[in-house]
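Engineer: Need coordinates for the following:
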Amino acid sequence: MTVAYDGVKTLTQHATLKKHKDSASAAALSQRMNSFFTPKGSAQSGKVSIVELVELYHSIKHHISYVAQDCSLKVLKQVITDSEIVKQMTGGHTKCTALINQVLYPYSMDLVQEGLKNEVPFSNAIDAAYKGNRKFFPVEIQYFSPKDGICHKILDFYEDSFEDSRPIKEKL
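Structural biologist: Here you go, the predicted model:
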């Protein structure tokens, strides 16, 4: 459409076309992009983050895979349609990995360090577990806490193809 010669007449004619009217009605029915996002730092954003972390912690505690966790979140969104918090939750593999590595894991290590602050006696253990042709080693620490009793915590979980005691000793 060029308005160089007819100016307002061209604009008026364009406004009466079916294509323009369809586009205008579609735009009126569409949600704006900012309706899908919560402003950073808002109270709503904090609530969404807390619920996402709790949901992820629950999945980890019960050994639920990322795929199953993401699927259950999709079901929640379909079932609980009146909650703004549930509508804004996301739980893809990349986000779950980031939350575990940058939030939950550091926090759990802080809890272990807090439990060991008073120079309590502890022991550590390591064992090997096979999954297919891969060999994994969980590193565990056990200590006594007056508040919680005997505590078993996983410090690390690494993969190594050697069964020799030297690499295990070096890792510990």
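Engineer: show me the residues around I64 that make contact.
Structural biologist: 58, 72 (CB atoms under 8 Å, 6 or more residues apart in numbering). Bear in mind the C-beta positions are built from the backbone N, C-alpha and C, glycine included.
Engineer: A129 too?
Structural biologist: So A129 contacts 135-138 (CB under 8 Å, 6+ apart).
Engineer: Pull out the buried residues from these.
Structural biologist: Buried members of the contacts of A129, scored by 16 or more other CB atoms under 10 Å, are F137.
Engineer: ok, now how distant is the residue nearest to T81 when sequence neighbours are not counted from K47?
Structural biologist: Leaving out its chain neighbours, the residue that sits closest to T81 by CB to CB, 6 or more residues apart in numbering is K87, at 7.9 Å. To K47, K87 is 12 Å away according to CB to CB, to the nearest Å.
Engineer: what residues go with each domain of this structure?
Structural biologist: Per automatic domain parsing, the structural domains of the chain span 1-30, 39-115, 119-172.
Engineer: What ranges in this structure fall below the confidence cut-off?
Structural biologist: Along the chain, the parts satisfying pLDDT under 70 run over 1-4, 31-41, 163.
Engineer: rewinding a little: helix, strand, or coil at the residue nearest to T81?
Structural biologist: Here K87 is helix, with the state taken from DSSP: H, G, I helix; E, B strand; the rest coil.
Engineer: thinking it is in contact with K77, fair?
Structural biologist: Yes - the pair K87 and K77 qualifies as a contact (CB atoms under 8 Å) at a distance of 6.5 Å.
Engineer: ok, then the element right after the lengthiest helix in the chain?
Structural biologist: When the chain is parsed with DSSP state H, its longest helix is helix 43-61. Once the chain leaves helix 43-61, the next helix or strand it forms, by DSSP states H and E, is helix 66-79.
Engineer: contacts for that following helix?
Structural biologist: Outside helix 66-79, the residues that touch it by CB under 8 Å, 6+ apart are 55-56, 59, 64, 86-87, 89-93, 96-97.
Engineer: I appreciate the help and will end here.
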